[in-house]
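Enquirer: Prediction below, plus the sequence it came from.
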There are 2 protein chains.
Amino acid sequence: MQEKPKIILLGLGKVGREVIHQLDACGLAYDFCALADSSACFVGEPLNKEQINTAIQAKVHGNPLLTLADSQPLHVLSEHFRKGMIIVDTSAALDLDWSHALQKGCKLVFANKNAFSAPWVQASRLFNQPEIRYESTVGAGLPVIHTLRTMIGSGDQVMRIEGVMSGTLGYVCSQLEAGLTYSQAIQQAYDAGYTEPDPRDDLSGFDVLRKALIVARTAGWPLEQQDMTVESLYDDRLVGIPILEFFQRTALLDELYAQRVQAAASDGKVLRFLATITPQGGRIGLQAVDRNSAVGALHGAGNYFAFYSRFYNEVPLSIAGPGAGIEVTASGVLNDIIALINS
Amino acid sequence: MQEKPKIILLGLGKVGREVIHQLDACGLAYDFCALADSSACFVGEPLNKEQINTAIQAKVHGNPLLTLADSQPLHVLSEHFRKGMIIVDTSAALDLDWSHALQKGCKLVFANKNAFSAPWVQASRLFNQPEIRYESTVGAGLPVIHTLRTMIGSGDQVMRIEGVMSGTLGYVCSQLEAGLTYSQAIQQAYDAGYTEPDPRDDLSGFDVLRKALIVARTAGWPLEQQDMTVESLYDDRLVGIPILEFFQRTALLDELYAQRVQAAASDGKVLRFLATITPQGGRIGLQAVDRNSAVGALHGAGNYFAFYSRFYNEVPLSIAGPGAGIEVTASGVLNDIIALINS
């Protein structure tokens, strides 16, 4: 009889908890050996149902079980690492050191983008490893990373990648197109829960930059953040001011964006926040695209990824759909876990 | 050291030969144990480069090496089947009997649709088997089957599938939309090599029906051909007549299709040959869709597949791109072979 897969889960936020739920629901046999978060850590070999529930409840109610000194659960957990164990990172932790886990022969699944968008000298060892999976770092559950890896694995060569990688900015573009002002569109996106607590974290394009970098590196291009030019959707007048003041001043940009929408419309085009990446680098920002194109047909928060390659040169292979959300992000994580168990 | 994967290839047509080429180019270590076609069969354990070339040349030049009695290469080859061997069917053979290969524990890869669109009582044992892969039967190299299987494997439930599954009919729709008459559109598609030798084999919708059935069954719905209603794009006046006469009479339908295109256009819509499938059955035929939708944005011979599920309920997970062509079909076959080798 095969041994049950052993899983360590980092991050007990919404995605982490949904991963636990979906793992339960899909009928897979497995054991949790540890659940950990920046504020709590629960270890057992394996954890029983009651312990798992206690950990979840403690997290939900903000009741730390074991406070870790330095938000470094890996350090505390590393003595529990075993060969073949699957470590799943759904946290937002920065600077986790994966050396020990890799040395021990653990398999890794990431929804956390940080390690993959770090400078290439640190990030490189995480790419192109069959036992390291990170589908949910880009496009949530959409099969973006899998498709790229498969293309390359069978000898295709990717030439160019185009993508709409931010649901939040897609929503903002749709609202601008529908006639809302910039300030109205930002306010609505914020009210609908589509933005980060500070909308500038989306509007800066930095999140798209990180995703573009992950996609590029998966395509085999060892690019760095500075190889991408990023257009921010707010300007100096909105930098470094408190968030309340930010919302009061967004109207300063209403006219600018109304003009850009208008200029595009007069050419039969619509604006999309597009990333275009080649082996040489990338450009991320607003672009006017044909209303009747696949990118123009995107509405609301949908993501879109198009791969142009040796085999797909005229018409790209493209994937579209919701690129954010708890359920689809968790399902991307689950797909990675299942693929590692079956490999 | 791991043993080299052993491969038997059925079908030495364009796709089969491109599979051989791509296998060579991707740097994988493997051995061919047999190459077979309806007219030729070459067995060796393993075949050396020269034998492989001889088999290919014999096929290209129509010089049978070994004539098989009954187009049943499986029968002749079955004594060579070994556990773990990968048998790849790129032929168009009908009624191959896979029992022996399955009993022996062979792994199977199909570009040949026939076994998968047969009545469910025969086809069922080929579905939902991790060691049987058939990505190229639908959408060529697009990751359609893989994505569906992954969704279901992680506990998602597919509710509805929409697809434009014929590049040929997509091309015809694009030409009609561009203002060509029905007879012109058919002639152009034929001249460009997009159609079967007899265009009625495409226009009947039967090829789409088979693909729709394969997709539906992959989604977990054991549908039969009779559960699908199919609209043919030619009528009784063009049935059962020689092909030359067919081309002479296509103008009979010019007005009908011009009217349908016009009616759609007056609503801001365009016609697409769409398959819509649910667990209860499917409808395949021309449908007027919004010009600004993802399906409306398809141009030319592109395919499109949209999966609506429990996780993707409002906005589907969709995949688009060229759904036919020698290179992309072979790359789909190669992806399946690689996945089986790694599993």
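Expert: Arrived safely, thanks for sending. Residues are numbered from 1 along each chain as shown, chains lettered A, B, ... in the order given.
Enquirer: Now stretch A:158-171: buried residues?
Expert: Buried positions in stretch A:158-171, judged by neighbour count with 16 or more other CB atoms under 10 Å in any protein chain shown: A:158, A:160-171. Just so you know, the C-beta spots here come from the backbone N, C-alpha and C atoms, and that holds for glycine as well.
Enquirer: give me the low-pLDDT residue ranges for chain A?
Expert: Within chain A, the ranges that satisfy pLDDT under 70 run A:1-2, A:62-75.
Enquirer: hmm, 50 instead?
Expert: A:65-71 (pLDDT under 50).
Enquirer: Would you state the strands of it in chain order?
Expert: Using DSSP state E, the strands of chain A run over residues A:6-10, A:31-36, A:41-43, A:86-89, A:107-110, A:132-133, A:158-164, A:228-230, A:269-278, A:281-290, A:302-309, A:317-322.
Enquirer: Next, count neighbours for A:Pro279.
Expert: A:Pro279 is flanked by 15 other residues according to other CB atoms under 10 Å in any protein chain shown.
Enquirer: How about the contacts made by the nearest residue to it once chain neighbours are set aside?
Expert: Counting by CB to CB, 6 or more residues apart in numbering or on different chains, A:Pro279 lies nearest to A:Trp221, which is 4.6 Å off, once chain neighbours are set aside. By CB atoms under 8 Å, 6 or more residues apart in numbering or on different chains, A:Trp221 lies in contact with A:Ile277, A:Thr278, A:Pro279.
Enquirer: now, which of the buried residues of stretch A:158-171 sits nearest B:Leu233?
Expert: A:Glu162 (33.0 Å; CB to CB).
Enquirer: quick revisit: looking at the buried residues of stretch A:158-171, point me to the pair that's furthest apart.
Expert: So, the buried residues of stretch A:158-171 by CB to CB: farthest apart are A:Val158 and A:Tyr171, at 28.1 Å.
Enquirer: Which residues are in contact with A:Asp227?
Expert: So A:Asp227 contacts A:Gln280, A:Gly281, A:Gly282 (CB under 8 Å, 6+ apart).
Enquirer: repeat that for 7 Å
Expert: A:Gly281, A:Gly282 (CB atoms under 7 Å, 6 or more residues apart in numbering or on different chains).
Enquirer: so how far is A:Arg217 from it?
Expert: 11 Å (CB to CB, to the nearest Å).
Enquirer: just A:Gly163 next, same as before
Expert: In this structure, A:Gly163 and A:Arg217 are 14 Å apart, going by CB to CB.
Enquirer: hang on, the earlier thing: Throw the strands of chain A into a markdown table and include distance to chain B, thanks.
Expert: Shown next, in a markdown table, are the strands of chain A (distance: least, CB to the nearest CB, whole Å):
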| stretch | distance to chain B |
| --- | --- |
| strand A:6-10 | 14 |
| strand A:31-36 | 17 |
| strand A:41-43 | 24 |
| strand A:86-89 | 14 |
| strand A:107-110 | 12 |
| strand A:132-133 | 12 |
| strand A:158-164 | 13 |
| strand A:228-230 | 25 |
| strand A:269-278 | 9 |
| strand A:281-290 | 9 |
| strand A:302-309 | 5 |
| strand A:317-322 | 4 |
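Enquirer: what does the stretch 101-250 of chain A put close to chain B?
Expert: Counting by CB under 7 Å from any CB of the partner chain, the residues of the stretch 101-250 of chain A close to chain B are A:Gly141, A:Leu142, A:Pro143, A:Thr147, A:Thr150, A:Gly153, A:Ser154, A:Gly155, A:Asp156.
Enquirer: Now the fourth one: closest residue in space, sequence neighbours ignored.
Expert: Nearest non-adjacent residue to A:Thr147, counting by CB to CB, 6+ apart: B:Pro143, 5.2 Å away.
Enquirer: I figured the one you found hits B:Ile319, correct?
Expert: Yes: with contacts counted by CB atoms under 7 Å, B:Pro143 reaches B:Ile319, the gap being 6.4 Å.
Enquirer: These two: which has the busier surroundings?
Expert: Between B:Pro143 and B:Ile319, B:Ile319 has the larger neighbour count (other CB under 10 Å), namely 27 against 23.
Enquirer: measure that one to chain A for me?
Expert: 6 Å (CB to the nearest CB, to the nearest Å).
Enquirer: Run through the residues that contact the residue nearest to A:Thr147.
Expert: A:Pro143, A:Thr147, A:Thr150, B:Ile319 are the contacts of B:Pro143 under CB under 7 Å, 6+ apart.
Enquirer: So which of those is the closest to A:Tyr257?
Expert: Using CB to CB, B:Ile319 comes nearest to A:Tyr257 of the contacts of B:Pro143, at 32.3 Å.
Enquirer: Can you tell me who that closest one pairs with across the strands?
Expert: Per DSSP bridges, residues listed as beta-bridge partners of B:Ile319: A:Ile319, B:Phe305.
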